[in-house]
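J.: Could you look at this predicted model? Sequence included:
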Amino acid sequence: MTTERYNARDAEPRWQRLWDEQAIFTTKNDDPRAKYYVLEMFPYPSGRIHMGHVRNYTMGDVVARSMRARGYNVLHPMGWDAFGMPAENAAMQNKTHPATWTYANIAAMKKQLKSMGLSLDWSREIATCDPSYYKHQQRMFLDFLGAGLVERKQSKVNWDPVDQTVLANEQVIDGRGWRSGALVEQRELTQWFFKITDYAQDLLDALDTLDRWPDKVRTMQRNWIGRSEGLRFDFGLVGAPRGFDTLPVFTTRPDTMYGPTFAAISPDHPLAKALADTNPGVTAFIDECHRMGTSQAEIDTAEKLGFDTGIKVTHPADKDWTLPLFIANFVLMDYGTGAIIGCPAHDQRDLDFARKYNLDVIDVFVPEGSDERVKNVAFVPAKTDTVRYVQWVGTPDSVMTCGEAMKQSLDIFVKDGWGTREVNFRLRDWGISRQRYWGCPIPIIHCEICGVVPVPAKDLPVKLPDDIEFDRPGNPLDRHATWKHVACPQCGKDARRETDTMDTFVDSSWYFARFTDPWNDNAPTTPKVANHMMPVDQYIGGVEHAILHLLYSRFFTRAMKATGHVGMDEPFAGMFTQGMVVHETYRKQDGSFASPAEIDIVADGDARRATLIGTTETVEIGPIEKMSKSKRNTVDPDDIIGTYGADTARWFMLSDSPPDRDVIWSEDGVQGASRFVQRVWRLVSAAAPHLPPPGTISAQEADDAATALRRAAHQTLSDVLTGIERLRFNTAIAKLYTYVSTLQDAVDGPLKSATPAYAAAAREAFDILVLLLAPMVPHLAEECWAAIGQNGLVSEAQWPAVEAGLLVSEQMTLPVQVNGKRRAEVTVARNAEIPQIEAAVLALDAVKQALDGKPVRKIIVVPQRIVNVVG
RNA sequence: GCCCCCUUGAUGGAAUUGGUAGACAUACAAGACUUAAAAUCUUGAGUCCUCUGGGCGUGCCGGUUCGAGUCCGGCAGGGGGCACCA
């Protein structure tokens, strides 16, 4: 018998059209069933999807389709993170308007996503660059402002003098602008900030409740928030300018309070600035500090520099104990109070500084059982290490851990009123101002008389002007002839619009909430709907967003709650970070890279050799790396879908590699997936003529063969279900491979001359096969569903319940160990009593032989697991 | 420097979370079918030995346990995050 090959190119568009026509993936907010919200991080419309998208969206689609098959009202939307610099860069290069470029890219990528057969509700599509989206964002900005969650303040920024824009830290490479190559300057600019630090403690504490997030992401956020607890106290000042009576300091090591030999302030400290007014030497030193680079290499190698102010500080514990006050280049203004207490013995930076400026070194503690004093390496033991304290506020010669001493010291200092317990965070407020055109305008008007005036709600949205020029660097909005000129809403006099736009991370901090009711024209959300559909039950995306996007979204959701737009704190109940798609690299003789499409690979025994297609030039097979244009190791999803079909691409993305690890894209792997698709089609085609009509129920008095088949079907149903539930798609797929083999044996043998009971079992078994394949390879599954005589769409079909009774058998085969080594097997009734099992085991020849006449000391029987005989 | 994670055949990985290590897949080899190739099907394979059996084996060393890939301590290698954060 011959079967036509499964033709994905014919079948896939056909089913996609049908799904579309019947709108089966459209979600109703008032559906009475339990909701399940699946979301993948929405893409930036760069123009083409890449393999990383294919992997991300395939995983999300498997979750969405399987939850739908399990009876949930699934929300699975898609949109576009559409603001950002690439659109402006394209505008400069190609003289196209950013909007034109962006919307053309959206159209192209939407077509690509549709070709993947994703079960998305396109009726909820949003683009963040659309005024119908960003007007709500502007409204929330004003709400946040009213709630005290937004503030305007001066801050230091990276300024690119050529492009005339602020650069994010990531855009500064070796101290130069990533586009212009110009040396980046530090500038003080007035910027808008979201006060994320107001929520620092809450954002930290709530991480403990996110038990469906990867530990890695939670740890990264914990470190980023960077809570530290310590002592805040005031130094007295002697000889300081008027107005400076005390100097507040924060330290996390109160146990070292009896070991300082100097104090230091940041070059940006108000006191340093005050000194600079009268002392040119201070001015020169501060300037020198500012000229120092901020790149990693420069910081690593930078010498500790200090300027002795001549001022003395007095120790809080003893007014007669004075220390010199320096201005030091390594003290940061924006952490703690911008001033430090220098304890050289137990801080390497302080020690370097002390040695350079000939300051004393006082040992506070020494290693237990030693009297070794610090020389050129500071003694900085772990908090849990035990040391002997020789110079501290507690009992002399105490032996304890640093952590314990820190706690005791803090208690004493606080009790005696020398200082207060204080918590500091590494987390900074979120600066959102960008000197860019293609972003959400900040809805503020600056009036010379009224000051900072919010745009009235009725005037929203503040729309970007369409007529815009990109002929010069800098912010085109600021240069626009008319846009920024506006009447003050309060006094009516001439005023000026804010020309900065918002960081694009703002756009992506609430899109998941907007998806719940994107049709609401009057408000960002419909709280009743948002509170029903949120939080996102399963969010999937790249680990590169583990900190910023996820932390900003967590903050934004809290701010939305505070302003009445949603009712929850946490937007994502379940989070999953998927691995990258990686590929071999190929290097030609001249050192340049070749793309996979240009390469011919031949097996040479166990080795593989690559040549340039159409030539004899051998190509070096290089390391496996993340797909990137520069390494030319990308594979175009369009090509793969065109050649093999979407199902093959989807199947390959799910198999082999665990989803949180990198997957190696290989031609062999794709072909393996493609072979599987054909194999399933052949199997189902061969079985179809032998299957009784849909709905045929397995007879009560099923024979052994029929029961065995049903057992396999329900075991697979159970395994695949839990595999998907735990997002372990690779193991779910392995079970499906095994199941297909089982069914192949059935088709090759018993099914040809089946009893009614067996045929009925086979009907059930094939229904289950197709149902389980549907989330992964939906087009093939639809084709198979029709082939086995089912009406309707498998995409809409429900999975049967697992019959638990079929998962346990009457007889069990247990491995038998003698002294921990496997020697035999024993088959017993599943509910056999332990003494019966022991007797059966001891009767085994292999056990007797392995015991070699030694008496049995003990038998461990783990019911339904294993037996171990100890001799 | 600080914090976190990983290490299992030729390769990607599996292992009911302390209970038969190597499922499933890829690659490889042999065979069947074919004029041939592809496709398909069958078979083989951790390693060593004195081979109907047995020893050894999850990066290395040690420990806990009847039993360890899994738990504990130490070491090595690889990866990631943060970083002049007091």
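T.: That came through, no problem. Numbers count the residues shown, from 1 in each chain, chains lettered A, B, ... in the order given.
J.: State the distance from the closest residue in space to residue A:734 that isn't next to it in sequence to RNA strand B.
T.: Sequence neighbours aside, residue A:655 is the residue nearest to residue A:734 in space, at 8.0 Å (criterion: C-beta to C-beta, 6 or more residues apart in numbering). (C-beta placed from N, C-alpha, C; glycine too.) According to C-beta to the nearest atom of the strand, to the nearest Å, residue A:655 stands 6 Å off from RNA strand B.
J.: Was I right to think residue A:655 contacts residue A:732?
T.: No: look at residue A:655 against residue A:732 with C-beta atoms under 8 Å: they stay out of range, at 9.4 Å.
J.: returning to what we had before: could you list every residue that touches the residue nearest to residue A:734?
T.: Residues in contact with residue A:655 (C-beta atoms under 8 Å, 6 or more residues apart in numbering) are A:669, A:672-673, A:729-730, A:733-734.
J.: Toward the C-terminus from the worst-scoring helix or strand of chain A on mean pLDDT, list the very next helix or strand.
T.: Taking mean pLDDT, DSSP states H and E as the measure, chain A has helix A:296-301 as its least confident helix or strand, at a mean of 60. Later in the chain than helix A:296-301, the nearest helix or strand by DSSP states H and E is strand A:306-315.
J.: Any residue of that following strand touching RNA strand B?
T.: No: Strand A:306-315 stays clear of RNA strand B (C-beta under 7 Å from any atom of the strand), getting no nearer than 11.1 Å.
J.: tell me which residues of that strand are tucked away?
T.: A:306-307, A:309, A:311-315 (16 or more other C-beta atoms under 10 Å).
J.: Tell me how far that strand lies from the chain's centre.
T.: 46 Å (C-alpha atoms, centre = their mean, to the nearest Å).
J.: Which strands and helices lie in contact with it?
T.: Applying 3 or more C-beta pairs under 8 Å, 6 or more residues apart in numbering; DSSP states H and E, we find strand A:306-315 packed against strand A:227-238, helix A:280-291, strand A:318-328.
J.: May I see the buried residues of the last one?
T.: So that's strand A:318-328. Buried, per 16+ other C-beta under 10 Å, within strand A:318-328: A:322-328.
J.: Sheet-wise, list the partners of it with their directions.
T.: strand A:262-265 (parallel), strand A:306-315 (antiparallel) (DSSP bridges).
J.: Now distance to residue A:697 too, for these, in TSV please.
T.: Shown next, in TSV, are these (distance: least, C-beta to C-beta, whole Å):
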stretch	distance to residue A:697
strand A:262-265	83
strand A:306-315	87
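J.: Between the ones you listed, which one is closest to residue A:461.
T.: strand A:262-265 (45.7 Å; C-beta to C-beta).
J.: Please determine whether that closest one lies in contact with RNA strand B.
T.: No: contact of strand A:262-265 with RNA strand B (C-beta under 7 Å from any atom of the strand) is absent, the minimum separation being 8.3 Å.
J.: Same check on stretch A:141-161?
T.: No: Stretch A:141-161 lies out of reach of RNA strand B by C-beta under 7 Å from any atom of the strand, never closer than 11.8 Å.
J.: tell me the mean pLDDT over that stretch?
T.: In this model, stretch A:141-161 carries a mean pLDDT of 90.
J.: Residues in contact with it: which ones?
T.: Contacts of stretch A:141-161 (C-beta under 8 Å, 6+ apart): A:165-169, A:171-172, A:177, A:179-180, A:182-195, A:198, A:429, A:431, A:442-443, A:452, A:454-455, A:457, A:502, A:559, A:562-565.
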